[in-house]
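Participant: I would like to see how this sequence folds:
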Amino acid sequence: MKVRRAGRAGTHAGTMPRTISTRPTAEAALRALRKLADPARAKHALRFFRTGKGEYGEGDQFLGITVPDVRRVAKVFGELDAKGVRSLLHSPWHEARLLALVIMVEAFRRGDEAERRRWAALYLKERAWVNNWDLVDVSAATLLGAWIVEHGGARDRAVLEKLVRSKNLWDRRIAVVATFAMIRAGDVEPTMRLSRQVLGDKHDLMHKASGWMLREAGKRDLAALRTFLRAHAHEMPRTMLRYAIERMTPGERAKWMQSTGGKRPAGKRAAP
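Facilitator: Model (predicted):
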């Protein structure tokens, strides 16, 4: 199967086998990624994902591969076992960790209950490697949220409470984004509850994540979102509020924006 490498005109497309005749390995998957590397794109990613000293993505490394190309590699290496996935997840290369998570998500979706349990457990155990906003957003709603929706009891739901109180930014974002699965199942209460807990969060990435989930909850239950806003709009960070009301009419958006205290995150603006 040919995979076109995005980038400057004149670059050559990388190639990968449509199928692999032997059991897939992490080493082979990484070789497939390296064939698609684009140095110019990698340089841009270093800035986009804030990898400078003191920034949220400090020290991350990029090959320079588009998300669609990573997903194409995942289709070829979708049968990679847990050991191989863990190896990719521990890679210093951002795209290798993304590939691992995409493989995990697809394996979770097609797996039986026992397999889904194993992937969900692996995700929680190895979540330290889910260490940028795009990695969280591609994985949390399925590998944590969907598991809790389908099989979680009080103990599993308590995981969200533990994560949202973590000092680690990515733990907190995982908790909030995981509630997307509950929203899809018709339950917006976890989103509202966790969003209340991050009202005072200092990081713009949390304001955006919470506002995004509140917006999605409002698509399911607009009355619940309005109730949340009546109680908290005055104390919501401006970015969170702006995201939450994005789908409302211009008139209603203006009303809610006038009610905010205008809190803004300390420090630099973050990516989505």
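
Participant: show me where pLDDT drops low in the stretch 1-150 of the chain?
Facilitator: 1-21 (pLDDT under 70).

Participant: element containing Trp170, please.
Facilitator: Trp170 is located in helix 169-184, with elements delineated by DSSP states H and E.

Participant: same for that helix, what does it pack against?
Facilitator: Contacting helix 169-184 under the criterion 3 or more Cβ pairs under 8 Å, 6 or more residues apart in numbering; DSSP states H and E are the following elements: helix 133-140, helix 147-151, helix 154-164, helix 189-197, helix 204-220. (Each C-beta comes from the backbone N, C-alpha and C, glycine too.)

Participant: mind running it again at 7 Å?
Facilitator: The contact analysis (3 or more Cβ pairs under 7 Å, 6 or more residues apart in numbering; DSSP states H and E) places helix 169-184 against helix 133-140, helix 154-164, helix 189-197, helix 204-220.

Participant: and the angle from that helix to helix 133-140?
Facilitator: When axes from the mean of the first three to the mean of the last three Cα atoms, to 10 degrees is applied, the directions of helix 169-184 and helix 133-140 differ by 40 degrees.

Participant: now helix 169-184 - C-alpha only, CSV.
Facilitator: What follows is helix 169-184, C-alpha atoms only, in CSV (Å, rounded to 0.1, in the frame of the first residue of the first chain):
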residue,chain,number,x,y,z
LEU,A,169,-2.0,18.3,33.4
TRP,A,170,-2.5,15.3,31.2
ASP,A,171,-4.2,13.3,34.0
ARG,A,172,-6.7,16.1,34.4
ARG,A,173,-7.3,16.4,30.7
ILE,A,174,-7.8,12.6,30.4
ALA,A,175,-10.5,12.8,33.1
VAL,A,176,-12.4,15.6,31.4
VAL,A,177,-12.2,14.3,27.9
ALA,A,178,-13.1,10.7,29.0
THR,A,179,-16.6,12.1,29.8
PHE,A,180,-17.2,12.5,26.1
ALA,A,181,-18.2,8.8,26.1
MET,A,182,-20.7,9.4,28.9
ILE,A,183,-22.2,12.4,26.9
ARG,A,184,-22.6,10.1,23.9
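
Participant: flag every buried residue along that helix.
Facilitator: 169-183 (16 or more other Cβ atoms under 10 Å).

Participant: equivalent analysis for stretch 105-123, please.
Facilitator: Here stretch 105-123 shows Val105, Glu106, Ala107, Phe108, Arg116, Trp119, Ala120, Leu122, Tyr123 as buried, counting by 16+ other Cβ under 10 Å.

Participant: for it, the distance to its chain's centre please.
Facilitator: Put simply, stretch 105-123 sits 17 Å off its chain's centre (Cα atoms, centre = their mean, to the nearest Å).

Participant: gap between the two ends of that stretch?
Facilitator: 10 Å (Cα to Cα, to the nearest Å).
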